[in-house]
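# Sequence first, predicted model second:
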Amino acid sequence: MICGVFSILNRIKRIILIDKIILQMKRLTRYLLFQIFFVLFNYSLFAICGPENGFGTELPEGVKLGDVIQLIAPDIDTSLVTLVGMKKWPHKENTYIAIICVSTSKEDYSTDSVFSDGKQCCNAGYGGVNESENPKIVYLSMIEFTDSLKLVASYNGPLDIVTSWKYSNIEAPDFNTDIYLNPGNYDAFDFAKYKISDNQVAFGIRVGWQTMYSGGGGYFGALLLFKVQGTEIVNILSEPIDEEGMSAGEWYEDGTRGKNFWETNNIVVMLPHKTSDYYDLQIKELNGNWSQVFKWNVPENKYLPVEK
């Protein structure tokens, strides 16, 4: 009788032990799957900034890297160049927008070049606001190309454009809406038909900032718009345009943690009404109700938000 009781108790202990082992295995499996997912998710956000040929790094036949550099920025240290791009602009015949990205030092070049891979214009991955404090040197020009290269217009020196989230529905990378940031990454040209007046079409560059924090990370994008004014390229808008990311969620009883995903996408709409001969512009949330109108400001020579 006693032996039978002990036998039953031993079986119960073994069952309890097996249950504990199974529970621990489930916890470990969920933890490992979360870590794998977290790595893959962050890789998708940060490993590549922008589409592979977003800046036209596959140059037109007959054009060499040195030719573009000599035309746009002849005095730069070519050993620090991480990208040379020249992409056909669809709104004017034989016209291209060209870009050159340069690291600030040999130390940064060693990491910038890994992230950029000759096809991107990425920072070395300092993260968030720190990226903005160590901006890349970027030159921007418009070129005509038939049999030879001809410089049409250029931005006056390296790009020095900052973005603010003050008038946006999107959170700033460090959640400070009053901050102004230099781009962390230059992602791609945006050649949508931004018809800002009856005889002018603007072109854009998509830029972004990456952030990482405990349990997740995010990527925040902005749109820089430019117009050609004589022989100069002028920045006329710099506004947040999208965001996506993941953050840690609630804790489960088994010790693992859930995930929260977030994403906001805005679009630009050219409105029929004009201000000082320039069409008003609206940034609105895709699949949402938020919107912000921008009107042309003559003294500033750019679009400014209309106060609500």
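Looks like it came in fine. Numbers count the residues shown, from 1 in each chain.

# who touches the spatially most central residue of the chain in this structure?
Nearest to the centroid of the C-alpha atoms of the chain, with distances taken as Cα atoms, centre = their mean, sits residue 208, at 2.7 Å. Residue 208 makes contacts with 49-50, 183-185, 187, 219-222, as judged by Cβ atoms under 8 Å, 6 or more residues apart in numbering. Yep, even glycine has a C-beta here, placed from its N, CA and C like the rest.

# swap the cut-off to 6 Å and go again
Applying Cβ atoms under 6 Å, 6 or more residues apart in numbering, we find residue 208 in contact with 185, 187, 219, 221.

# Could you point out the helix or strand that follows the helix or strand hosting it?
According to DSSP states H and E, residue 208 maps onto strand 200-213. Where DSSP H and E defines the elements, the next helix or strand beyond strand 200-213 is strand 216-229.

# the inter-axis angle of that following strand versus strand 200-213?
160 degrees (axes from the mean of the first three to the mean of the last three Cα atoms, to 10 degrees).

# Give me the distance from strand 216-229 to the chain's centre.
7 Å (Cα atoms, centre = their mean, to the nearest Å).

# elements contacting it?
If contacts are counted by 3 or more Cβ pairs under 6 Å, 6 or more residues apart in numbering; DSSP states H and E, strand 216-229 sits against strand 200-213, strand 232-251.

# Using CSV, write out every CA atom in the shortest one.
What that stands for is strand 200-213. C-alpha atoms of strand 200-213 as CSV (Å, rounded to 0.1, in the frame of the first residue of the first chain):
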residue,chain,number,x,y,z
GLN,A,200,7.7,74.9,-62.5
VAL,A,201,8.0,71.3,-61.2
ALA,A,202,9.9,70.7,-58.0
PHE,A,203,11.9,67.6,-57.2
GLY,A,204,12.4,65.9,-53.9
ILE,A,205,14.8,64.0,-51.7
ARG,A,206,13.6,61.5,-49.1
VAL,A,207,15.7,61.6,-45.9
GLY,A,208,15.5,59.9,-42.6
TRP,A,209,16.6,59.2,-39.0
GLN,A,210,16.9,55.9,-37.2
THR,A,211,16.4,55.4,-33.5
MET,A,212,17.0,52.4,-31.3
TYR,A,213,15.9,52.0,-27.7
